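In: A structural model of the following input is requested.
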Amino acid sequence: MDIQKNLVKKILVLRYRSIGDIILSSPALEALRLTYPSARIDMVIDDAFEDICHGHPNIDYLILHKRDTTGMSWFQKMVMGFKFIAKIRKQRYDMVIDLHGGPRSAPLAWLSGARYRVGYRLRLRSKLFYNIFIIASAPGAHTSDVLLDAVKSVGCVMPDEKRLFLGYRPEDKEFVTGFLRRFGVSEKDRLVMMHPGARVDIKRLPAEKMGHLAGWMADELGVKVVYAGNNADIAEIAGIVSYSGKRGLIATNLKLGHLSALIASCDLFVGNDSGPMHMAAALGVPVVAFFGPSDPGIWGPVAGQAKVIRNAPLMECQPCDQKNCPHTGVHCMTKIKLAEAKRAVINTLTHRSAQRV
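Out: Okay, here's the model as predicted:
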């Protein structure tokens, strides 16, 4: 279908979750803005991720989808769904671009009533719900490039470089300033965030290795370490602190805005393949990231100062689907050697210190 660009005045982008996917959508959103500079660009995301889109220059309005429906009856969920669809239809979008490609977003694209409905070729539902199909990316393409390829399908002008965006509010910065002051961290201190979390346990660097690295950074490099994570990471953090022999700062269960501001205050982010890793990259904070079962070519940090640490040699099963690992106990993450991580940390902090002078 040919697109009459002069008729596209309102665009809706669907990208419900998650942290990394939303952040990696930034170049695609910039491409839309370059191509349709006078159009209104709205975006549907899950409400849990509202903070990471605050102040986004290429999103005019966020439409929040309720993520947690715990305690709601099926009838309440159905009513909520109908109201959400009515809210979308009321806006009379000219184009809907489904970057999510899931069973929720595909019907919404169709029900929106938009003239142009853009989505992935996904068996039956693609023929039912879309009338423009996204150009397939090359196998192994990075997620940010896959999302850019999606908007090529509507004739978008490509940005000159891949720029990620992540903002936070002044009050988030004030919270972090108070938090660091309360624990005796000054502007002269070098602060490193360690984030042991990951979507699945098989993607976590073992606590013993993470703890050894934290203790080494504190003793040999004189940095202060702040541990971040959510409820699922608290036990892991306790183990890391125990292995490190150092207390460190504990910053768990922060709002995403607070976490963004805290990451931005750090000289280095050290962690696994996770959403906060992409947050650090978007904020321009150097990253040392541990990868095992996932492919850094697809999910690695998009940043100038980023070092991915993997086990060497790679196991024959890498990368994998991260389910039912047959090597429980001695898997790819347990084979990562810390010597390479230490070199990356030293090089990054040395470069960061030189930038401060």
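In: what's Gly271 sitting at in phi/psi?
Out: Backbone torsions of Gly271, given as degrees, to the nearest 10, read phi -180, psi -170.
In: got the contact list for the closest residue to it other than its chain neighbours?
Out: Using C-beta to C-beta, 6 or more residues apart in numbering and skipping the chain neighbours, the partner closest in space to Gly271 is His195 (3.5 Å). All C-beta atoms are positioned from the backbone trio N, CA, C, and that covers glycine. Residues in contact with His195 (C-beta atoms under 8 Å, 6 or more residues apart in numbering) are Tyr227, Ala228, Gly229, Asp233, Phe269, Val270, Gly271, Asn272, Ser274, Pro276, Met277.
In: Tell me how far the first one lies from Gly211.
Out: As judged by C-beta to C-beta, to the nearest Å, Tyr227 and Gly211 stand 10 Å apart.
In: hey, what's in contact with both of the two?
Out: Listed as contacting both Tyr227 and Gly211 by C-beta under 8 Å, 6+ apart are Ile240, Val241.
In: For the protein, just list every one of the helices.
Out: 19-23, 26-35, 74-90, 105-111, 123-129, 143-152, 170-182, 207-216, 234-244, 256-264, 275-282, 296-299, 338-356 (DSSP state H).
In: Which helix or strand in this protein has the lowest average pLDDT?
Out: Scoring the helices and strands of the chain by mean pLDDT, DSSP states H and E places helix 123-129 at the bottom, with a mean of 72.
In: per-domain residue ranges of the protein.
Out: Following automatic domain parsing, one finds the domains of the chain at 5-152, 170-356.
In: The longest one: how far from the chain's middle?
Out: A distance of 14 Å separates the C-alpha centroid of domain 170-356 from that of its chain, computed with C-alpha atoms, centre = their mean, to the nearest Å.
In: Just the mean pLDDT for that domain, thanks.
Out: The pLDDT scores in domain 170-356 average 93.
In: I figured Ala228 hits Ser265, correct?
Out: No - under the criterion of C-beta atoms under 8 Å, Ala228 is not in contact with Ser265, lying 11.6 Å apart.
In: Of the two, which one has the most company?
Out: Between Ala228 and Ser265, counted using other C-beta atoms under 10 Å, the more crowded position is Ala228 (25 against 19).
In: Show the contacting residues for the more buried one.
Out: Met193, Met194, His195, Gly197, Ala251, Thr252, Leu254, Leu259, Leu262, Ile263, Pro276.
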